[in-house]
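Engineer: what follows is a predicted structure for the sequence shown.
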Amino acid sequence: MRGADDLGRGDGLDGDTLAVLLDDVRDVRDVIGRGVRSLEAGEKCSFDLPTQLVDLASGVSTVDGCLGVESAMSVLNVSCSPRALIRAVPIVARARGPEGRRFGEHLPAFGNERVCAEVREALRDMTTRNTA
């Protein structure tokens, strides 16, 4: 069962809202890119930057699945804390189509048993949704 800490900021934003807020969702690539460069440089933050970046990728994945997956992977390749990994799981369902499925198949390589279980559930839900 998910707690409040597991819910990403992207959970409260639907695709229409994101499209309005982000005139060009590809600008997110630049924002996340700057964050990833900060992580690579070892810059210290007073907040959980990897989780914040994954939250942003999760939210944008409802509008642009490829960008959401690509952005999340760029963060997780540098820093894959358990919290950021859990927050990445919703991307599996949000990035509809093959991008979400591939992300779901790849994500367990980074995660612990909890991440693996949540990804299995998300992939099962995708399969059920696609066969219904």
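Structural biologist: Received, thanks. Residues are numbered from 1 along each chain as shown.

Engineer: thought residue 80 was touching residue 53?
Structural biologist: No - counting by Cβ atoms under 8 Å, residue 80 does not reach residue 53; the two are 11.5 Å apart. The C-beta positions use only the backbone N, C-alpha and C, and glycine is treated the same way.

Engineer: pick out whichever of those two has more residues nearby.
Structural biologist: With neighbours defined as other Cβ atoms under 10 Å, residue 80 and residue 53 compare such that residue 53 has more, 28 against 18.

Engineer: got the buried residues for the helix ranked longest in the chain?
Structural biologist: If you go by DSSP state H, the chain has its longest helix at helix 113-131. Buried residues in helix 113-131, counted by 16 or more other Cβ atoms under 10 Å: 115-116, 118-119, 122-123, 126.

Engineer: next one: stretch 36-47
Structural biologist: Across stretch 36-47, burial judged by 16+ other Cβ under 10 Å covers 36, 39.

Engineer: spit out the contact partners of the closest residue to residue 66 other than its chain neighbours.
Structural biologist: Spatial nearest neighbour of residue 66, excluding adjacent residues (Cβ to Cβ, 6 or more residues apart in numbering): residue 99 at 5.3 Å. Neighbouring residues of residue 99 by Cβ atoms under 8 Å, 6 or more residues apart in numbering: 65-66, 68-69.
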